[in-house]
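Novice: Need a 3D model of the following:
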Amino acid sequence: MSYKLRFVQNFVLRYSKEYLELEKEFEKFEKMHPEAPKGKRYLALTGRYPSNTLIWECDFDTLEEAQKAQTFFLTDTRHEDLYQQQSQYILGTYTEIYRPFSL
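Specialist: Prediction:
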């Protein structure tokens, strides 16, 4: 089974460049720190999300691993420092955890 953790952020469109430059720093952070969960990032093109939406997502074998990853991002001070820099460009954010569906 695989659980999916997603962070969805809407950012101020006129500050896209600044927001996305900081998002590159988050990518570097994940690569530099083995304990950091490694996610994939997506920008909305079509659908229900506006174009100023970034989605970070990662799959985990158990719900506990997904929750542990979420806790890591909420409590790691290095990650929090980056988030505080980026937060000035964020309009809204929320977290989703999906469970697998099987018949």
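
Novice: Any regions of the protein where pLDDT drops low?
Specialist: Low-confidence segments of the chain (pLDDT under 70): 1, 103.

Novice: Helices of that one, start to end?
Specialist: 16-32, 63-75, 77-86 (DSSP state H).

Novice: Looking at those, which is nearest to I55?
Specialist: helix 16-32 (11.2 Å; CB to CB). Backbone N, C-alpha and C define where each C-beta goes, glycine included.

Novice: The closest one - contacts with which helices or strands?
Specialist: Applying 3 or more CB pairs under 8 Å, 6 or more residues apart in numbering; DSSP states H and E, one finds that helix 16-32 contacts strand 53-60, helix 77-86.

Novice: quick one: it to chain centroid distance?
Specialist: Chain-centre distance of helix 16-32: 11 Å, with CA atoms, centre = their mean, to the nearest Å.

Novice: before we move on, back to that, with distance to Y42 and mean neighbour count added, can I get the helices of the chain in TSV?
Specialist: Putting the helices of the chain into TSV (distance: least, CB to CB, whole Å; neighbours: other CB atoms under 10 Å) gives the following:
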stretch	distance to Y42	mean neighbour count
helix 16-32	11	14
helix 63-75	17	14
helix 77-86	17	13
